[in-house]
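[1] Sharing a sequence plus its predicted fold:
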Amino acid sequence: MPALISKRRVDEFRRAFDREINSLAALYRNAAADALDVLSQAAATVASRQRALALLRQYQYVLAGLNDEAALWIQLNVPKAYQLGVEFGEQGLRGVRRAAGRAGINLRPEARRAVALRERDVFSRVHQEAVQAITGAMLDQVNAAVLEIGRRTDDVFRQQGILAVARGVAAGKARVEVSREIKDRLIAAGQPVFRDRLNRVWTLDRYAEMVARTTTREAMTQGTINRLREEGIVLAQVSQHPCKDFCVYYENVIVCIQGTHPVYPGIEAIGGGPPFHPRCIHVLRPFVERLASREEKQEGKVAADLLRPEGKSKEQHFALLQRRFTKEFPQLAREEGKRLRAEGARAEARRERAIARAGAKSS
């Protein structure tokens, strides 16, 4: 088989998109700080309903503007990531063609070449539709987080606020005391945090960063897969790189990316990856059985306990594998955990500075 795609090329992809992803995280961080500042003003004037409502509308405008700016980022960067995946696929195909030429193997017989011209037109539409689908999915994902925060705030002021007033009056509380209760609830509900379906709590900027990292890598993988399918390639192999998390279990495994295969499972059986997590650097390369040794074919078989069980989401399956990795490689897991905590602390410091800047602007 041809050599693995170099780690240098993967690092180039990461560096290029790190800048873009950091800019998106900063966009969310600054908008969240501005929104929180407006919300604090609204909470401070909650006794004046009209003033508070005007500020809450301003809060919603900040969130809506954030969605518009995020949409521009997504529409620009998801196609770039997908195209890079197509280029990775093409790089792998060039290596396969060279290896086939040296071995005297014709990978695309004459009968297949005539069909290939028609397929090219079909796959140009496949590429366009794939980019549109990934772009739409990311838009939905980040918008959902922002909309949930906006809805929470509205609910507190319009519904829970009214109930608090009614309960306070019934309990004989002073109006200033009731207003303070609404203020506390409003600030709590409007905090720029989001709870995902696994019940993990994210700040808006960290959530946007995670979604952006995952989606650009997924776009890249989909671009690679579609380019390999375009050439009639049925199998792909996960790359191998130094790593400190559970995706080490999937290095060099071979999966089927088109139809079914008698030996190798479909890519969905390993969670559709890579990426296996937001910072995953693994990629796919084409795997052609006729060019591989018996050892390479054997090594690429996926162990049964790495296949995603029926009824389990990929997030649940990957969480189990991460726990297993932590037990089997405690030192590596500690090092990675320490790095992630330091990264989280830096993100928190950036968030605090953004909030301070927003407060200074409005004062």
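    Structure's in. What do you need?
[2] Now do the helices in the stretch 151-300 of the chain.
    Applying DSSP state H, counting those that start in this stretch to the stretch 151-300 of the chain gives helices spanning 161-170, 175-190, 204-230, 294-299.
[3] Touching, V86 and L228? I think so.
    No: assessed by Cβ atoms under 8 Å, V86 is found out of contact with L228, at 9.7 Å. C-beta coordinates here come from the backbone N, C-alpha and C atoms, glycine included.
[4] Counting neighbours, go ahead and name the busier of the two.
    L228 (26 against 20; other Cβ atoms under 10 Å).
[5] So, low pLDDT: which residues of the stretch 151-300 of the chain?
    151-192, 194 (pLDDT under 70).
[6] What ranges does this structure have for its strands?
    193-195, 201-203, 235-238, 254-256, 284-287 (DSSP state E).
[7] Tell me which residues touch R217, please.
    Residues in contact with R217 (Cβ atoms under 8 Å, 6 or more residues apart in numbering) are A81, P274, P275, P278, C280.
[8] How about N143?
    Contacts of N143 (Cβ under 8 Å, 6+ apart): N67, A70.
[9] what about 10 Å?
    L63, A64, L66, N67, A70, A71, I74 (Cβ atoms under 10 Å, 6 or more residues apart in numbering).
[10] Report pLDDT for it.
    Looking at N143, its pLDDT stands at 79.
[11] same question for the longest helix anywhere in the chain, mean pLDDT?
    What stands out as the longest helix in the chain, according to DSSP state H, is helix 49-103. Throughout helix 49-103, pLDDT has a mean value of 81.
[12] residues contacting the residue nearest to F276 when sequence neighbours are not counted?
    Leaving aside its sequence neighbours, F276 sits nearest to C247 (Cβ to Cβ, 6 or more residues apart in numbering; 4.0 Å). C247 makes contact with 238, 241, 270-271, 273-277, 279-282, 318, 321-322, 325, according to Cβ under 10 Å, 6+ apart.
[13] Could you report the pLDDT at the closest residue in space to Q58 that isn't next to it in sequence?
    Spatial nearest neighbour of Q58, excluding adjacent residues (Cβ to Cβ, 6+ apart): V38 at 5.1 Å. Reading off the confidence values, V38 has pLDDT 70.
[14] Could you give the number of residues near V38?
    Other residues close to V38 by other Cβ under 10 Å number 22.
[15] Repeat that for the one 3 residues further on.
    The criterion is other Cβ under 10 Å. On that basis, Q41 has 17 neighbouring residues.
[16] And it, how close does it get to L332?
    47 Å (Cβ to Cβ, to the nearest Å).
[17] what's the answer for K314, then?
    Going from K314 to L332 by Cβ to Cβ gives 22 Å.
[18] Over to R285?
    25 Å.
[19] and E218, how far is that from L93?
    E218 is 21 Å from L93, by Cβ to Cβ.
[20] which residues touch the residue lying closest to V78 once chain neighbours are set aside?
    Leaving aside its sequence neighbours, V78 sits nearest to T135 (Cβ to Cβ, 6+ apart; 4.6 Å). Counting by Cβ under 10 Å, 6+ apart, T135 makes contact with A71, I74, Q75, L76, N77, V78, P79, Y82, T215, A219.
[21] what does stretch 306-325 contact?
    Contacts of stretch 306-325 (Cβ under 10 Å, 6+ apart): 196-198, 200, 243-250, 253, 265-266, 268-273, 276-277, 305, 332-333, 336.
[22] Among these, the buried ones, what's the ChimeraX command?
    Restricted to buried positions by 16 or more other Cβ atoms under 10 Å, the ChimeraX selection for these reads:
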select :243,244,245,246,247,248,249,250,253,265,269,270,271,272,273,276,277,332,333,336
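[23] Just list the residues touching Q132, thanks.
    Q132 touches Q75, V78, P79, counting by Cβ under 10 Å, 6+ apart.
[24] And the contacts of R217, which is closest to Q128?
    Nearest to Q128 among those, counting by Cβ to Cβ, is A81 at 14.8 Å.
[25] For the nearest residue to A103 once chain neighbours are set aside, the count of nearby residues, please.
    In space, and not counting its chain neighbours, A103 is closest to L291: 6.4 Å by Cβ to Cβ, 6+ apart. By the measure other Cβ under 10 Å, the count of residues near L291 is 18.
[26] From A319, how far out is L291?
    Taking Cβ to Cβ, one finds L291 at 36 Å from A319.
[27] so who does M210 touch?
    Contact analysis of M210 by Cβ under 10 Å, 6+ apart lists I21, A25, Q141, D196, R200, W202, H277, P278, R279.
[28] returning to what we had before: is there a quick ChimeraX command that grabs whichever of the contacts of T135 are buried?
    Filtering the contacts of T135 down to the buried ones (16+ other Cβ under 10 Å) takes a single ChimeraX command:
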select :74,77,78,79,82,215,219
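[29] Please tabulate the contacts of T135 in TSV, including the columns distance to R29.
    Shown next, in TSV, are those (distance: Cβ to Cβ, whole Å):
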residue	distance to R29
A71	18
I74	17
Q75	21
L76	19
N77	18
V78	21
P79	25
Y82	26
T215	18
A219	23
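[30] May I ask which two of the contacts of T135 are separated the most?
    Maximum distance among the contacts of T135 (Cβ to Cβ): 16.8 Å, for A71 and Y82.
[31] follow-up on the earlier one: is the residue nearest to Q58 in contact with G65, as I believe?
    No: taking contacts as Cβ atoms under 10 Å, V38 lies outside contact range of G65: 11.9 Å.
[32] ok now stretch 235-253, how far from the chain's centre?
    19 Å (Cα atoms, centre = their mean, to the nearest Å).
[33] same thing with stretch 221-239?
    21 Å.
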